[in-house]
Structure formats: C-alpha cells, structure tokens
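**Q** here's a sequence, model it:
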Amino acid sequence: MTTTSTLDPENWDDFRAQAHAMLDAALDHIAGARDKPWRPVPSDLGQRYAIPEDADSGLPPEQLVEKIRRHVLPHHGGNTHPRFWGWVQGTGLASDVMAAIASTAINGNLGGRHHGANEMEREVIDWTRRVMGMPEGSSGVFVTGTSQATVLAFQAARVKAIKGLRTRGQAGVRLTAYAAAGVHNATKKALEALGIGSDNLRLVPLMDGKPDPTALRDMLAKDRADGALPFLLIGTAGSVDVGAFDDLNTLADLAEAEQLWLHVDGAFGAWTRLADEPWRSLSDGIGRADSLALDFHKWMYVGYDCGLVLMRDEEAHRAAFAARPDYLQGADTGLAGGEPWFCDYGIDLSRGNRAIKVWCALQMYGQAAFAEAITDNCQRAAQLGELVQAEPAMALGAPVISNVCVFTARSDLDSNAQSTLNAHIAQTLQDSGTAVFSTTKIGGTTLLRAAITNHRTTADDVTAAIAAVAREATASI
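**A** Numbering: from 1, shown residues only. Okay, here's the model as predicted:
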C-alpha cells in the first residue's frame, strides 16, 4: 500500500522538462500572434478533444504537450491578432503567463481567510478606485466581468431601496430602472435575473446623443404616480455600437436630486480615465457613481476573465451580501483572520485570484504604458474614420467618438444592398484571416464595425484593412 498521491507527477524532473516545453509553446504562440489570425474551426475538432469512456490511464506529459500544441493553440478565438476589431475583446499580455504560473502554484481561494492574495486584491481595487476618482473607503470585488458586476451592483441598489428585502423579498414593490436607449444587454439580463423584470426598464429618449434630462424627469414622475418605486439610473461609458458616452455629471446631478442609485456601465469605456485628451474627458463624472462595473480583460488587455465592481458606499455593498454560517466565523488571529472577507461582498465563496493578472501587468509595464496603449487605440479608430471618409464610396455610420468606428463600404447603394455587401465583406475578411470586423445596425442598415481594444494594432494594420474592404467592395458588385 502506497501513501504517494497518484495525482502528483511520479517524476518531477520529467514533468519539469515537459512544463518548460509547454511554456515555450505558449510564449511562441504569443510572440507570433501577428502570424496567427482566426481560422475556421475544423469539423472534426470535437472528436480530437473527445475523452474516451474506457480510458483507464492518462497521457504522459510529453503527449499532452504535443496534443495542446497541435489541437488547442491553433484554434483560438482570434482576439490576440492585431487586426481583430470585431468585438470589444482584450488581447492578453505576456505578463499573464507570469500571473498564471504564480496563481496556479498557490491555488488561492479569495473568498476569505488570512493570506496574501486578499491583500493583493485590495491593493488593485484601491488603485482602480483612485484612477476612477471614487472616494477613499469605496468598496469593490473582482468578478468574472461586467455582466456579473452589474448583477451585484443592482442587488446592492435594491437592498438599499427596500427595507428587509433579503429576508422578505420585494413583497409586491414594483421597482423601475432608467437608462438611455442602446444600454448594454447586461442591464436587461440583470434586472431579469433579480426578479425586477425587463419590462420595468425605462429607455430614456436621447437628445444630442445623450439621455434627455427633461424626458427622464417626466418618466420618473409618471412611474411614481402609478405606484412604482424608481430606484436605479444607469449611465453608459462607452456604448457597444458606437463607443458613445453619456453625460455622467448630468446623470449624477439627476440621481442625487431624485434619490436614485447611479450605476455606470464602464465595461471598456471607464479606461478612458487613463487616456490623453480629448478622450479622457469623455468619462468625466464617472467617480460620482454609486456603483461602477468595468473589465480589465477588455481595454486593460489582461487575460480572461477579469472584471470588477466598485461601490461608493461600503456599508451598502456589504449589507447586500454578507452572510456567515458557523463554519465561516472569523477570528482575530490565525488563518480565520484577515477581515474583511470578499465573500461578504458578492455571491462567490470560492474565488480565484483574478487580481494577480492586473497586479503583474502594472508591475511589469507601469500605468503609463496602458495610458499610451489606450490613447493609441483611440487614435487608430480616428485614423480608420479618416480613411473611410477619404474613400469616395465609403461613409461613416456615426461619428468616431472613442475607439469604435462604424461605416459602410458602399454608401451609393440602397440600404438592403449595403447591408448584404457589408455582411459579406465582414465574413470574407474573417475567413481569409485578413481582418476581423463585426457588423451592427444603424437606421436599419447593416454596417461594418471596428472596436479597437488591441494593443498590437498599428497604423499600417488600419491602412491595410481599409484597403482590403475597398477591394472587396469593388469586387463584390
């Protein structure tokens, strides 16, 4: 009878050699990202990944490394490539490799207790708070992304609005929330998940591209007269379709006057706080929010998944989630110390160390490097817009505000023909590995869309991509 664990390598020296080979393969993949665009997934890939039902033993490490090299690394989602602009997805960083190695070795659970990873998360939260201009003492917790952060923020707002909600539920209270038309679908899903209902989301009309304050006040008055309890106002810092920003200072004034919780969806746009002008001022007022959702895995480029919710009122944040059964009681000293515990600020008790990716990135590159990269992404979007306007047949679908450019390849065609052509060009350039644009609709017409959150994108990439669009637009008609 052996006391040796069968899940540890039998020979650590052999495993070490194969782990080094895996590290080399991963670094080669990152270093060669420019030569690895997205490619269509082979039809038999699922079979290559299949786990045999009768497998009594696993693969030797060297065979596993080879399988990953051949069948895993080549079939990525494309977002590491410098001409991937289809959706707001980050590129990943070399520093993520360092973070993953350290995080894997420690295998920390950041739900609570007294160990170093919790201190790291607190420091990264505090750095983010300062960047966003939220006051000292604001609270936060790392989450999977803005969608989860939105649920946590809305729940805190709901608990604050209805006394005894955690034990009695809404008890027939009809809550209403308000956001500009075009707000991210995460808002709707969060309201549905919490039982508030998406029918109780009021879409505020726009005036000059921003929520109309007069219309909002009228909506609030009507809902209150109808017996509803308005509790939440949602602002957007960086809309999905065109990269637009609400006037956050105006929304903050309204929220204060109307006693509403102000939540800001800053999934990617919050990071304009690091950019040069004129882009930095787009997010002015963001620090006045009661809650802010943002992602590091978008415009801070770190690996998935890595999101954060910040809340101005630590007591309101904790009141929404804190719960300690007997087996989770804290202590003054020992491993059960280290208060406060992050499990009291969200729904997860088991939590990995997401903050280490941000910490490693800031340690390795410094804040200024991210400011430069974010600014450059905005400059590349502006360049793309200028190239579109220089092409006689092309036209912008909306002004280039931040890092998103929406355009048509042939403005001389009717709406249906434009829609067909733009969708065809997006598909063709994706399949060929030339560039990844996505599509969106404005005024009923399908347009090409580039959302640049890619630190590898250069001016030459933008020029080459527009040239490819122009060629396809000519060849397809």
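**Q** mind listing what's buried in stretch 216-232?
**A** By 16 or more other CB atoms under 10 Å, the buried positions in stretch 216-232 come out as 216, 219, 220, 223, 228, 230, 231, 232. C-beta coordinates here come from the backbone N, C-alpha and C atoms, glycine included.
**Q** wait, the second one touches residue 180, no?
**A** No: counting by CB atoms under 8 Å, residue 219 sits too far from residue 180 to count as a contact (11.8 Å).
**Q** quick one on the thing from earlier: from the buried residues of stretch 216-232, which ones fall inside helices?
**A** When the buried residues of stretch 216-232 are checked against helices (DSSP state H), the matches are 216, 219, 220, 223.
**Q** could you pick out the longest helix of this structure?
**A** Using DSSP H, we find that the single longest helix of the chain is helix 367-390.
**Q** can you spell out the domain ranges of this protein, please?
**A** Listed domain ranges for the chain are 15-50+57-76, 108-365, 368-475 (source: automatic domain parsing).
**Q** closest one to residue 87 among those domains?
**A** Counting by CB to CB, residue 87 lies closest to domain 368-475 out of the domains of the chain; the figure is 5.6 Å.
**Q** what lies in contact with stretch 29-39?
**A** 73-78, 80-84, 91-92, 94, 97, 430, 433-434, 436, 456 (CB atoms under 8 Å, 6 or more residues apart in numbering).
**Q** let me fix that: stretch 341-352
**A** With contact meaning CB under 8 Å, 6+ apart, stretch 341-352 is reached by 103, 108-113, 118, 121, 139-143, 151-152, 309, 317-318, 321-324, 328, 330.
**Q** which elements pack onto the helix or strand where residue 177 lies?
**A** Under the criterion of DSSP states H and E, residue 177 resides in strand 175-180. Counting contacts by 3 or more CB pairs under 8 Å, 6 or more residues apart in numbering; DSSP states H and E, strand 175-180 is packed against helix 146-161, helix 185-193, strand 201-204, strand 210-211, helix 213-225, strand 229-236.
**Q** how many degrees apart are the fifth one and strand 229-236 in direction?
**A** Inter-element angle recorded for helix 213-225 and strand 229-236: 150 degrees (by axes from the mean of the first three to the mean of the last three CA atoms, to 10 degrees).
**Q** need the residues that contact helix 213-225.
**A** With contact meaning CB under 8 Å, 6+ apart, helix 213-225 is reached by 176, 178, 202, 204, 205, 207, 230, 233, 250, 254, 258.
**Q** ok, 10 Å please
**A** Helix 213-225 is contacted by residues 174-176, 178-180, 200, 202-207, 212, 228-230, 233, 247, 250-251, 253-254, 257-258, 260 when judged by CB atoms under 10 Å, 6 or more residues apart in numbering.
**Q** what is the mean pLDDT for that helix?
**A** The average pLDDT for helix 213-225 rounds to 97.
**Q** only C-alpha atoms, please: export that helix in CSV.
**A** Extracted in CSV, the C-alpha atoms of helix 213-225 (Å, rounded to 0.1, in the frame of the first residue of the first chain):
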residue,chain,number,x,y,z
PRO,A,213,-33.0,65.0,-18.6
THR,A,214,-36.5,66.5,-19.1
ALA,A,215,-37.8,63.3,-20.5
LEU,A,216,-36.3,61.3,-17.6
ARG,A,217,-37.9,63.6,-15.0
ASP,A,218,-41.3,63.1,-16.7
MET,A,219,-40.8,59.4,-16.7
LEU,A,220,-39.9,59.4,-13.0
ALA,A,221,-43.0,61.5,-12.2
LYS,A,222,-45.3,59.2,-14.1
ASP,A,223,-43.9,56.0,-12.6
ARG,A,224,-44.2,57.4,-9.1
ALA,A,225,-47.8,58.5,-9.8
